[in-house]
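1. coordinates only, sequence not included:
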């Protein structure tokens, strides 16, 4: 789609300490192989969108390290473009470090007449969404702004911090609120996917950004809608979607993909998820190793037991060691006879011989990057 530019919005991602203390959620490891932003980038790529910008909020180093040359997500290396959109002045004032101010700082993108529309997608919501039918309906209905939403239940525990839409009998947007756990039953949740015509985006930013300097883009669009200046249309997605809004949900949503039924809802046969590849050998399993219901990434060496766990690249699980219900990030060494249960062990850590590390399913432990225990 030559007339559509894609934007991956890292600003809309929540901060989930301690995981995001040194990296944004979008570049955080997922299932031992991917980063969360891989799903957003793959959705744009698979939808035929060849020009993509990444609105970076912070920790630019981590994002660039994961993206590499960025060729993994481009449709055609001759015509595709991937750009980093960074708001350097806002680093002096965190209140201004928003997606709105990022767009204003990179306003050259707004005035590029080769783009008629922007498809803005989040980096923290995991879903395999084909944007083409949504774009087609947006164009056919002559809409200026379309927000994509999904009906979700159990909002008392999930989708915390997300916007919940209220609609009338015609499906028109008539109100919204932020989910703080007050909703019951099924509700219409914002997926942070925005389809917006370029002139409309320019108009909204000109009208509202000067008087709302710390407001995020979706809130700005809703303000314009509430005042009757720009009408928002809603469209609906009914596939797999998970919002990573807490450390507990990061763990829970990772483990649920160990269930084949959930994995098949996320990894569709006709919808590949691309990621940066590494020149690593296949995983090596020792003669006494035991692996059950787990993801084991390339470059790992398993000599002990791994049960209901996710193992990233270049992890060594020693003889007699047990890893259970845990997530192990890359380049971690779990030495002989050590035990790790209900925990997330960050990169470059070492769990010494015989050490026991045990959390709870609903209160998992976190081992910070580079720790030696």
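-> Thanks, I have the structure now. Just so it is clear, the structure is predicted and the values come from calculations on it, not from any experiment. Numbering: from 1, shown residues only.

2. alpha carbons only for contacts and neighbour counts from here, please
-> OK.

3. shaky segments in the stretch 1-150 of the chain?
-> Residue ranges of the stretch 1-150 of the chain with pLDDT under 70: 1-2, 68-81.

4. the strands in it, which residues?
-> Counting by DSSP state E, counting those that start in this stretch, the stretch 1-150 of the chain has strands at residues 4-9, 29-30, 34-35, 51-56, 81-86, 117-122, 125-126, 145-152.

5. Could you tell me which strands the fifth one is paired with, and in which direction each runs?
-> Put plainly, it is strand 81-86. strand 51-56 (parallel) (DSSP bridges).

6. and if you look at the last one?
-> Within its sheet, strand 145-152 is paired with strand 187-197 (antiparallel), strand 232-236 (parallel), according to DSSP bridges.

7. Please identify the most buried of these.
-> Most buried of the strands paired with strand 145-152, by mean neighbour count (mean count of other C-alpha atoms under 10 Å): strand 187-197, with a mean of 22.

8. Tell me which of the strands paired with strand 145-152 lies nearest to residue 317.
-> strand 187-197 (38.1 Å; C-alpha to C-alpha).

9. List the buried residues of the following helix or strand past that closest one.
-> Counting by DSSP states H and E, the next helix or strand C-terminal to strand 187-197 is helix 198-208. Buried residues in helix 198-208, defined by neighbour count with 16 or more other C-alpha atoms under 10 Å: 198, 201, 202, 204, 205, 208.

10. re the thing from before, of all the strands paired with strand 145-152, which lies closest to residue 266?
-> So among the strands paired with strand 145-152, strand 187-197 is nearest, using C-alpha to C-alpha, at 15.6 Å.

11. which residues are contacting the closest one?
-> 12, 116-122, 125, 135, 138, 144-153, 155, 159, 162-166, 218 (C-alpha atoms under 8 Å, 6 or more residues apart in numbering).

12. Next up, the contacts around residue 108.
-> Taking C-alpha under 8 Å, 6+ apart as the definition, residue 108 has no contacts.

13. err, residue 300, not the other one
-> 282, 283, 284, 311, 312, 313, 314, 315, 316.

14. So the last one sits against residue 334, correct?
-> Yes. Between residue 316 and residue 334 a contact is recorded at 6.0 Å, counting by C-alpha atoms under 8 Å.

15. Which of the two has more residues huddled nearby?
-> More neighbours surround residue 334 than the other of residue 316 and residue 334, with 29 against 25 (other C-alpha atoms under 10 Å).

16. so what's the more buried one bridging to?
-> Bridge pairing for residue 334 - DSSP bridges - gives residue 317, residue 351.

17. Perfect, that will be all.
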